[in-house]
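Peer 1: Predicted model and sequence below, questions to follow.
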Amino acid sequence: MTARQLPAVTLRPIAPTDAAAFLAYAGDPAVSVPAGLLPVSDLAAAQARLAHAPEVLAVVHDGQVVGQVGVYARAATGPDAPDRELGYALARAYWGQGLMTAALTQVLAQLRRSGTGQVYAFVAVSNQRSAGLLRRLGFTCQDRLPAQPDALLGRPEAEDVFVLNLKNENENAVM
């Protein structure tokens, strides 16, 4: 069985100059709500948000910013712990083309090289597209968190907790 060829994407730090592209996808509720992005309604708000997003990478395809990947220190373990949390969003016009698979494959390779222990992703139960992507990348669903009445964006929904353990991979690579 041969691996599917992934489309070409590049990752780079997102910047305020990417605000128009960010507004285009983050302003789409079909993208922003499942990704847990607070809505942005205008270019100035998008620029302001991107000016303070050092852990967010722009996903660039054919010279266009089409989405983002964020890699964050886990609040539960602290910024110095080896675990990370992953968040991502992709413009709807690019769904189903393998772009986020390509982007996350690059991010996970970098996290492996950096000695990251575990990578977490929280996915709304209704977001089966995202859950399938994580499973294809080797994540396993380890827990389900109940819906929170004060949920972000006012849409309480249970979330599945996906985890990818890189620690064993890292230890095996050293041996």
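Peer 2: Ah, there it is. Please read these numbers as outputs of a predicted model, since none were measured by experiment.
Peer 1: tell me which residues of the longest helix along the chain are tucked away?
Peer 2: Counting by DSSP state H, the longest helix found in the chain is helix 99-114. For helix 99-114, burial by neighbour count (16 or more other C-beta atoms under 10 Å) applies to 99-104, 106-108, 111. Heads up, the C-betas are built off the backbone N, CA and C, glycines and all.
Peer 1: top strand in this protein by residue count?
Peer 2: strand 64-73 (DSSP state E).
Peer 1: State the distance from the closest residue in space to residue 53 that isn't next to it in sequence to residue 131.
Peer 2: Leaving aside its sequence neighbours, residue 53 sits nearest to residue 14 (C-beta to C-beta, 6 or more residues apart in numbering; 5.6 Å). From residue 14 over to residue 131 the distance is 25 Å, taken as C-beta to C-beta, to the nearest Å.
Peer 1: wait, what's in contact with residue 39?
Peer 2: Going by C-beta atoms under 8 Å, 6 or more residues apart in numbering, residue 39 touches 26-27, 29, 32, 153.
Peer 1: Same question for residue 83.
Peer 2: Per C-beta under 8 Å, 6+ apart, neighbours of residue 83: 74, 77, 116-120.
Peer 1: can you check residue 16 too?
Peer 2: 47-48, 50-51.
Peer 1: Filter the residues you listed down to the buried ones, PyMOL style.
Peer 2: In PyMOL, this line selects whichever of the contacts of residue 16 come out buried by 16+ other C-beta under 10 Å:
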select buried, resi 47+50
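Peer 1: now the contacts of residue 16 as CSV including secondary structure and pLDDT?
Peer 2: Shown next, in CSV, are the contacts of residue 16 (DSSP: H, G, I helix; E, B strand; the rest coil; pLDDT from 0 to 100):
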residue, secondary structure, pLDDT
47, helix, 94
48, helix, 92
50, helix, 93
51, coil, 91
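Peer 1: Among the contacts of residue 16, which one lies nearest to residue 87?
Peer 2: residue 50 (14.7 Å; C-beta to C-beta).
Peer 1: Settle this for me: the closest one is touching residue 19, isn't it.
Peer 2: Yes - with contacts counted by C-beta atoms under 8 Å, residue 50 reaches residue 19, the gap being 5.7 Å.
Peer 1: contacting residues for residue 148?
Peer 2: Here residue 148 is in contact with residue 156 (C-beta under 8 Å, 6+ apart).
Peer 1: picking up where we left off before, what lines up beside the helix or strand following the longest helix of the chain in the sheet?
Peer 2: Downstream of helix 99-114, the first helix or strand assigned by DSSP states H and E is strand 118-124. When pairing is defined by DSSP bridges, strand 118-124 lines up against strand 84-90 (parallel), strand 159-165 (antiparallel).
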